[in-house]
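Participant: pasting a predicted model and its sequence here:
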Amino acid sequence: MRHLISPLDFSVEELDDLLDLASDIEKNPDKYKEACKGKKIATLFYEPSTRTRLSFEAAMINLGGSVLGFSSADSSSASKGESVSDTIRIISCYADICAMRHPKEGAPLVAASKSSIPVINAGDGGHQHPTQTLTDLMTIRSLKGRLNNLTIGLCGDLKFGRTVHSLINALLRYENISFVLISPPELRVPEYIRENLTKAGAPFKEVTKLEDVMSDLDILYMTRVQKERFFNEEDYIRMKDSYILDKRKMKLAKDDMLVLHPLPRVNEISVEVDDDPRAVYFKQVQYGVYVRMALILTLLEVKI
Amino acid sequence: MRHLISPLDFSVEELDDLLDLASDIEKNPDKYKEACKGKKIATLFYEPSTRTRLSFEAAMINLGGSVLGFSSADSSSASKGESVSDTIRIISCYADICAMRHPKEGAPLVAASKSSIPVINAGDGGHQHPTQTLTDLMTIRSLKGRLNNLTIGLCGDLKFGRTVHSLINALLRYENISFVLISPPELRVPEYIRENLTKAGAPFKEVTKLEDVMSDLDILYMTRVQKERFFNEEDYIRMKDSYILDKRKMKLAKDDMLVLHPLPRVNEISVEVDDDPRAVYFKQVQYGVYVRMALILTLLEVKI
Amino acid sequence: MRHLISPLDFSVEELDDLLDLASDIEKNPDKYKEACKGKKIATLFYEPSTRTRLSFEAAMINLGGSVLGFSSADSSSASKGESVSDTIRIISCYADICAMRHPKEGAPLVAASKSSIPVINAGDGGHQHPTQTLTDLMTIRSLKGRLNNLTIGLCGDLKFGRTVHSLINALLRYENISFVLISPPELRVPEYIRENLTKAGAPFKEVTKLEDVMSDLDILYMTRVQKERFFNEEDYIRMKDSYILDKRKMKLAKDDMLVLHPLPRVNEISVEVDDDPRAVYFKQVQYGVYVRMALILTLLEVKI
């Protein structure tokens, strides 16, 4: 039995298979609409995340399966002191697969070790969020036609943004990717990410102004400056508007550059950009459903 | 693509079709039990409402469809600062139709403008609650056999009660309706409602004592004096018991008068009235399911 | 129409039929997978309980039915002052059966009196939790092959633990059961339970040390010392570790003794015991799903 805890749990080849399956689902949704009939996913969200939770639920329902679970720790037995290990053993009696979001790093890994059903890490603290990474990869591959030979800019909160770290690590496995890291000095990527980049021999530069590099990019990955990552309000306010993408900046970009964003956004992308055909962050949401459908099928070993 | 934001979004003719469909569903539920197979409704409840949310969910399940969503803002991305416009674009990737309740007036309208799926306003602040109005109309039409030639009393909080305002506006489109508005002076209908009544040439009177008009009524529409609409506790306590319907008052009413209530009630209808055959507020709940089923079918353009 | 409010609502014969049905479900789950197609359960949880709620939901989904409901009072109309009697009449329009957990003793009984659908008590305050009792009985019967001729130890908080009281009362109807009640003096079973034991002529003893009786037991029913039952923190801390089951104590037990626990546990069973084949508390969870499936079928009078 397999789990998905880290974005690197799948080899590049396995990932290719998964993305192929997701693409086939996109093209032929009807083929899969009863693929998980009689199966149940448990969505165990110890912290709220509408987008991610509903994406899993939509994915399972699209496959003809059912959903049960909880959307915040308050309405779970966690408030009675139950350990994640115990919860997952109980959930194993109720569902065929589970998606777990937890504020504590490593909780899904602990769960997987005691689980008799596949566990999908749906985000563990500032740590990892592998299905977001799968979504990002599928979006790039579907719309660019490739996952190599790309210059990708990552902009915003690169220090705390787990989706950024995961995406960098995932793309390092592909050939000829250049990274442009755009952030205020206080929010640079952590040292271990710089080490990973150096170790892999991937070209990268760190800059503070989005305008300076805009024209070089094939992909611009914007991120939210998450209020909850800051310890004081002032720092947050000073930072949050620094890296706002607007029409003016979009004019500097290539005609086929793509703007991605893991969402939710606050104001780091001006709504005036939404109608630009290069803005694909809402398409990305749709790809997120396909890739989660493919993931559920893969982990449940359902063959169509 | 159509939405339902205001109770007046449908013409009288369209409303007739909708209510006909709802009546057919009531008579032949089996005919519709797979009508929405493979379809999903998203219930986006930014403030809690068991009755309304579960009515939508029951409606969709009765049609063979599925449900996803959230039941309070706490467990949604709203807490991360996401706009309703962004949320609906995301939800458009997950579901085929959505029902939204929001504390802010106009939020469902904003959502509809950005949505690629039909949006149903399930209540926006003190503003509108069109599916309640549809429910009220269906209840009256089903049990009275008509939507014209009626004397309707509306009692309780007529100032803040959005269901009252919506019902008045909806009934103004039918012939020969007399309105009797029963409330304490502090909770009279707002000026714009009086203007609507006058403009439409509908006979109406405003009174403060329920007993005085009881015998005139074909319909008595009771409403809750909602605690959350008051700014201070004293005002609430003084008011809330003023307009309690009990057995004694029911004796003054016609034999075929109907008592409706949008529910939940607190104590404005004494429980001793529940067994009176003229008390139809629980039947009304059942009609609410049928009418929502008809609405979902209509907005999704499902033909049976 | 029948409800399940108290564990004793079913006669011993009816209980036998129910457990037989549950065992058949365990052996032939496919036979039942469409048994409740088109039917809905409402899970009305006025206080959170992941395990119990999800067990009902899994049960209904396993039978091909659907689920709607709420997982805490905050997201229900209760916060608007609606009575349980009104809520159940509304829910009767939405669902075919309901499971209700409520912090107030007797709430499910009140609901049942006004309901037009079967009501299952899913726990009412410190009072009763009949589906846990059914689960306990099924676990014992399935793994011991009988419900008579047993020595059962009940350990921990015997004063407030409603599952303990219910299980004792349920087992009193079977022959030749000896009870060993293991608790600190402050948490002894209430007087009425002792009276029930005496009246039934069942042999029982009350002890304070688990080690002293370990070797006598066929069943050891462990319970959590629930923090929420205590009025002060100190008492809780002093008590909670008193009755921890560990490997050392397990060595004193018979080879075929079974350890049950209603879960969630905090630390009253050391995790080192989990791998002991006599530790069956996670199997118990699975039996809980089967027995709830059987219960739903029985109350809905579905014949297979």
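Facilitator: Thanks, I have it.
Participant: how near is the spatially most central residue of chain A to residue A:221?
Facilitator: Centroid-nearest residue in chain A: residue A:132, 1.3 Å away (criterion: CA atoms, centre = their mean). Separation of residue A:132 from residue A:221 (CB to CB, to the nearest Å): 11 Å. C-beta coordinates here come from the backbone N, C-alpha and C atoms, glycine included.
Participant: follow-up on the earlier one: close to chain B, is the helix or strand hosting the residue nearest to the centre of chain A?
Facilitator: For residue A:132, the host element (DSSP states H and E) is helix A:130-144. No - judged by CB under 8 Å from any CB of the partner chain, helix A:130-144 makes no contact with chain B; its nearest approach is 11.2 Å.
Participant: buried sites along that helix?
Facilitator: Buried residues in helix A:130-144, counted by 16 or more other CB atoms under 10 Å in any protein chain shown: A:130-144.
Participant: how about the lengthiest helix in chain A: buried residues?
Facilitator: If you go by DSSP state H, chain A has its longest helix at helix A:281-299. Under the neighbour-count criterion of 16+ other CB under 10 Å, helix A:281-299 has A:281-282, A:284-299 buried.
Participant: ok, what's across the strand from the nearest residue to residue A:98 once chain neighbours are set aside?
Facilitator: When the adjacent residues along the chain are set aside, residue A:98 lies closest to residue A:42, with 4.1 Å between them (CB to CB, 6 or more residues apart in numbering or on different chains). On the basis of DSSP bridges, residue A:42 is bridged to residue A:68, residue A:98.
Participant: count the residues that sit near residue A:42.
Facilitator: Applying other CB atoms under 10 Å in any protein chain shown, we find 28 residues neighbouring residue A:42.
Participant: wouldn't it be in contact with residue C:54 here?
Facilitator: Yes - assessed by CB atoms under 8 Å, residue A:42 is found in contact with residue C:54 at 7.2 Å.
Participant: which residues do these two both contact?
Facilitator: Common contact partners of residue A:42 and residue C:54 (CB atoms under 8 Å, 6 or more residues apart in numbering or on different chains): A:68-69, A:91, A:94.
Participant: dump the residues you listed to TSV, plus pLDDT and neighbour count.
Facilitator: Formatted as TSV, these follow (pLDDT from 0 to 100; neighbours: other CB atoms under 10 Å in any protein chain shown):
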residue	pLDDT	neighbour count
A:68	97	25
A:69	95	26
A:91	97	27
A:94	98	26
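Participant: of those residues, just say which sits nearest to residue A:152.
Facilitator: Nearest to residue A:152 among those is residue A:69, at 34.0 Å by CB to CB.
Participant: contacts only, for that closest one.
Facilitator: Listed by CB under 8 Å, 6+ apart, the contact partners of residue A:69 are A:41-45, A:53, A:98, C:54.
Participant: how about a cut-off of 7 Å?
Facilitator: Neighbouring residues of residue A:69 by CB atoms under 7 Å, 6 or more residues apart in numbering or on different chains: A:42-45.
Participant: could I get the residues you listed as a markdown table with pLDDT?
Facilitator: Listed next are the contacts of residue A:69 as a markdown table, based on pLDDT from 0 to 100:
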| residue | pLDDT |
| --- | --- |
| A:42 | 98 |
| A:43 | 97 |
| A:44 | 96 |
| A:45 | 94 |
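Participant: right, and out of these, which lies closest to residue C:187?
Facilitator: residue A:44 (32.0 Å).
Participant: just how off-centre is the strand or helix carrying that closest one within its chain?
Facilitator: For residue A:44, the host element (DSSP H and E) is strand A:40-45. Put simply, strand A:40-45 sits 18 Å off its chain's centre (CA atoms, centre = their mean, to the nearest Å).
Participant: check which helices and strands the helix or strand that it is followed by sits against.
Facilitator: Remark: after strand A:40-45, the chain's next helix or strand is helix A:50-62, criterion DSSP H and E. Helix A:50-62 sits against strand A:40-45, strand A:66-70, strand A:119-124, helix A:281-299, strand B:66-70, with contacts defined as 3 or more CB pairs under 7 Å, 6 or more residues apart in numbering or on different chains; DSSP states H and E.
Participant: can I get stretch A:55-64 in PDB, CA atoms only?
Facilitator: Only the C-alpha atoms of stretch A:55-64 are listed here, as PDB (Å, rounded to 0.1, in the frame of the first residue of the first chain):
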ATOM      1  CA  SER A  55     -11.100  19.600  -4.300                       C
ATOM      2  CA  PHE A  56     -10.600  16.200  -2.800                       C
ATOM      3  CA  GLU A  57     -14.400  15.800  -2.300                       C
ATOM      4  CA  ALA A  58     -15.200  16.900  -5.800                       C
ATOM      5  CA  ALA A  59     -12.500  14.500  -7.100                       C
ATOM      6  CA  MET A  60     -14.000  11.500  -5.200                       C
ATOM      7  CA  ILE A  61     -17.500  12.400  -6.200                       C
ATOM      8  CA  ASN A  62     -16.500  12.700  -9.800                       C
ATOM      9  CA  LEU A  63     -15.200   9.100  -9.500                       C
ATOM     10  CA  GLY A  64     -18.600   7.900  -8.200                       C
END
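Participant: so which bits of chain A are right by chain B?
Facilitator: Neighbours of chain B within chain A, by CB under 7 Å from any CB of the partner chain: A:33, A:48-51, A:54-55, A:57-58, A:61, A:71-72, A:263-266, A:282, A:285-286, A:289.
Participant: can you give me the helices for chain A?
Facilitator: Taking DSSP H as the criterion, chain A carries its helices at A:12-27, A:50-62, A:84-91, A:107-114, A:130-144, A:162-171, A:191-199, A:210-213, A:233-240, A:247-250, A:281-299.
Participant: what's the least confident stretch among those?
Facilitator: Within the helices of chain A, the stretch with the lowest mean pLDDT is helix A:233-240, showing a mean of 72.
Participant: pull the contacting residues for residue A:71.
Facilitator: Going by CB under 7 Å, 6+ apart, residue A:71 touches A:45, A:48, A:53, B:70, B:75.
Participant: brain fart, residue A:41
Facilitator: For residue A:41, counting by CB under 7 Å, 6+ apart, the contacting residues are A:56, A:60, A:65, A:67, A:95, A:97-99, A:296.
Participant: switch to 10 Å and redo it
Facilitator: Taking CB atoms under 10 Å, 6 or more residues apart in numbering or on different chains, we find residue A:41 in contact with A:56-57, A:59-61, A:63, A:65-69, A:95-99, A:117-118, A:120, A:292, A:296, A:300.
Participant: what distance do you get for the residue nearest to residue A:98 to residue A:158?
Facilitator: Distance, residue A:42 to residue A:158, by CB to CB: 33 Å.
Participant: and if you look at residue A:302?
Facilitator: 37 Å.
Participant: more neighbours, the two?
Facilitator: Comparing residue A:302 with residue A:158 by neighbour count (other CB under 10 Å), the higher total belongs to residue A:158, at 22 against 15.
Participant: hang on, isn't the more buried one packed against residue A:168?
Facilitator: Yes - counting by CB atoms under 10 Å, residue A:168 is a contact partner of residue A:158 at 9.0 Å.
Participant: can you pull the pLDDT of residue A:185?
Facilitator: The score at residue A:185 is 84. That number is its pLDDT.
Participant: name the nearest residue to it, sequence neighbours excluded.
Facilitator: Excluding its sequence neighbours, the residue lying closest to residue A:185 (CB to CB, 6+ apart) is residue A:208, at 6.7 Å.
Participant: identify the residues contacting that neighbour.
Facilitator: By CB under 10 Å, 6+ apart, the neighbours of residue A:208 are A:181-185, A:187-188, A:242-243.
Participant: over to residue A:255?
Facilitator: A:277-278.
Participant: kindly state the pLDDT recorded for it?
Facilitator: 98.
Participant: if I look at it, how far off is chain B?
Facilitator: Applying CB to the nearest CB, to the nearest Å, the value for residue A:255 to chain B is 24 Å.
Participant: over to residue A:172: give its phi and psi.
Facilitator: Reported as degrees, to the nearest 10, the phi and psi values for residue A:172 are phi -60, psi -20.
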